[in-house]
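**Student:** no sequence for this one, just the structure:
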């Protein structure tokens, strides 16, 4: 049996490099959910590494993250001084992950709403795509424990974004994603405008404009098990304003 990396009879057999995956988990007051999310994550995806980006959680999430990292070499923690928005937390995590040479960077919520078993499907799809989106609104996708008005609002918001931005992605607001590192490095070269809800829309739009191969994989989104939602009317207003501004610029070229 030939050895990996040896040269035999005029040809070489090179060792196949195993891709490195980094899950970026922004946290703010996720003391209850974080250990559960990590346990489930590693149960289904033992090959991944995790970067917890904590925004000075007053409930002690950051301190818990440090203890978890000390006990498991797959976990590291990035502490930020204050809660400055989801987008900023992800960008900080992405930049650190890129500097460490990870091949794929993954967005995932720390509240239990993104199922770890679905991440297996996203990672599998990432071998043939630059961006994989875990989608609620493609065939096979679903949500659990959402009121009808939340479903309607999400679908309407996604349709509005698709129409104004000219993008065919069904779930522009999804926060469960796998980025190929070279694509991610390219689309965050310039400053990202969004801080909250619209961050996901902006990143998907930038990927589309960059000519990325984008795949949507159906997932089941589960309403958070612990804590309270960080969504606010201000975040929704920011998203509507930015989408409208981007869409008008696209349509009228100004």
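**Tutor:** Thanks, I have the structure now. These numbers come from a predicted model, not from an experiment.
**Student:** what residue is smack in the middle of this structure?
**Tutor:** Taking C-alpha atoms, centre = their mean, the centroid of the chain lies closest to residue 107, which sits 1.7 Å from it.
**Student:** How much space separates that residue from residue 244?
**Tutor:** For residue 107, the distance to residue 244 (C-beta to C-beta, to the nearest Å) stands at 24 Å. In this view, the C-beta of every residue, glycine as well, is placed from N, C-alpha and C.
**Student:** Next: residue 237.
**Tutor:** 11 Å.
**Student:** do the same with residue 23
**Tutor:** Distance of residue 23 to residue 244, given as C-beta to C-beta: 32 Å.
**Student:** Those two: who's more crowded?
**Tutor:** residue 23 (29 against 13; other C-beta atoms under 10 Å).
**Student:** Tell me the secondary structure of residue 171, please.
**Tutor:** Classification of residue 171 by DSSP: H, G, I helix; E, B strand; the rest coil places it in coil.
**Student:** same question, the one 4 residues further on
**Tutor:** For residue 175, the assignment made with three-state DSSP gives coil.
**Student:** Can you verify my assumption that residue 207 contacts residue 187?
**Tutor:** Yes. Judged on C-beta atoms under 8 Å, residue 207 makes contact with residue 187 at a distance of 5.8 Å.
**Student:** pretty sure residue 216 is in a strand, no?
**Tutor:** Yes. Per three-state DSSP, residue 216 lies within a strand segment.
**Student:** got the contact list for it?
**Tutor:** 132, 133, 134, 135, 138, 169, 170, 171 (C-beta atoms under 8 Å, 6 or more residues apart in numbering).
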